[in-house]
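Undergrad: Requesting a structural model of the entry that follows:
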Amino acid sequence: MSESTTSSSPTVPVVAIVLAAGFGTRFDPKNPKQLVSVDDRPVIAWSLEAFEDAPEVTDIVVVVNPTVYEAVEGVIDERGFAKVRALVPGGETRADSTVAALDFLAQSGIPHDAKVLIHDGVRPFVSPKIIGECVAVLDSVNAATVAVPSTDTILLATPDEGDDKTPKVRAVPDRAATFRAQTPQCFRFGTIRDAYNRAADDEGFRPTDDTRVIIDYLPDEPVAIVQGSDDNMKITVQGDIDVAETIAPRARRVRNLARKRIAQQMLADM
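TA: Numbering: from 1, shown residues only. Predicted coordinates:
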């Protein structure tokens, strides 16, 4: 793995793990959402480009399933994503795919204090600002997640059990204390590796995100929140593509501006 060039941690790798191993059962199993075109480029290309362009990120690991392996490899080659170090086979669940990536990093000798950003491959519009803040926050905490305040009241419900199979509301938390999780979710490598190692003995544990592994198995480890964005959407169902098409031009402008700022800074530093 490469060494970071960030001023805060000049020798610590910053690795983006991009999870693209989902089979898209809610989207279209015959048309993987990672490969669907948004504004004339595959969704996975948008996601990888965000981390390829980020000066804070030194390495990218992509987790894929067999049905998209060759296609994703082709996108990487075609677009010249030089920071991609490996395509790692994913698992049956999101957590299994994260563990596969963490195992790969451990086998590669990544240091305990490396910074790891775990991102959904079908969140194509993560911004340079969010990525930069994720990397920076790990100088003060060992775990963080991108999230946005909930504008809706959240209901906690019982499972859909009973004769009518209808969920029942059991609690209504204060809306001011509720957030909607996004990605990246960000960790020092040793912290997230430790949490998953502890979770390995729990056969019934099936987290839908990596933050929960910290909360459940390292409860004394604080998890910071990095402000997310409504543009940082996740493509889950067919209708999300239409929303993504409206966001794409704005995301492209943001990234172009970021590239110009980086180029100007490089010239100023020469």
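Undergrad: can you give me the helices in the stretch 1-150 of the chain?
TA: Remark: helices assigned in the stretch 1-150 of the chain by DSSP state H, counting those that start in this stretch are 43-53, 69-79, 94-107, 128-137.
Undergrad: For the shortest one, which outside residues touch it?
TA: If you take Cβ atoms under 8 Å, 6 or more residues apart in numbering as the criterion, helix 128-137 is touched by 6, 8, 14, 50-51, 53-54, 56-57, 115, 117, 144, 146, 184, 186, 224, 226-229, 232, 254-255, 258. To be clear about C-beta, it is placed using only N, CA and C from the backbone, and glycine gets the same treatment.
Undergrad: Could you pull up the residues touching Leu218?
TA: Contacts for Leu218 were tallied using Cβ under 8 Å, 6+ apart; they are Ala143, Thr191, Asp194, Ala195, Arg198.
Undergrad: pLDDT value on the first one, please?
TA: Meaning Ala143. Looking at Ala143, its pLDDT stands at 98.
Undergrad: Name all residues that make contact with it.
TA: Contacts of Ala143 by Cβ under 8 Å, 6+ apart are 185-188, 191-192, 211, 214, 218, 221-224.
Undergrad: Give the bridge partners for it, please.
TA: Counting by DSSP bridges, Ala143 is bridged to Phe187.
Undergrad: ok, the most centrally placed residue in the chain to Lys234 distance?
TA: Closest to where the C-alpha atoms of the chain average out (Cα atoms, centre = their mean) is His119, at 1.1 Å. Between His119 and Lys234 the computed distance is 10 Å (Cβ to Cβ, to the nearest Å).
Undergrad: sorry, back to before: hey, what's the residue nearest to the centre of the chain bridged with?
TA: Val18.
Undergrad: Provide a list of residues in contact with Ile17.
TA: So Ile17 contacts Ile60, Val61, Val63, Thr98, Ala101, Leu102, Leu105, Val116, Leu117, Ile118, His119 (Cβ under 8 Å, 6+ apart).
Undergrad: any chance you could map the strands in the protein?
TA: 14-20, 37-38, 41-42, 59-64, 84-89, 115-120, 143-149, 156-157, 169-171, 179-188, 224-227 (DSSP state E).
Undergrad: Can you tell me the strand partners of the fifth one and which way each runs?
TA: When you say that, I think you mean strand 84-89. Per DSSP bridges, strand 84-89 is paired in its sheet with strand 59-64 (parallel).
Undergrad: For the strand it pairs with, buried residues please.
TA: Neighbour counts over strand 59-64 (16 or more other Cβ atoms under 10 Å) mark Asp59, Ile60, Val61, Val62, Val63, Val64 as buried.
Undergrad: Among these, which one lies nearest to Val169?
TA: Taking Cβ to Cβ as the measure, Val169 lies nearest Val63 of these, at 36.0 Å.
Undergrad: Great, nothing more from me.
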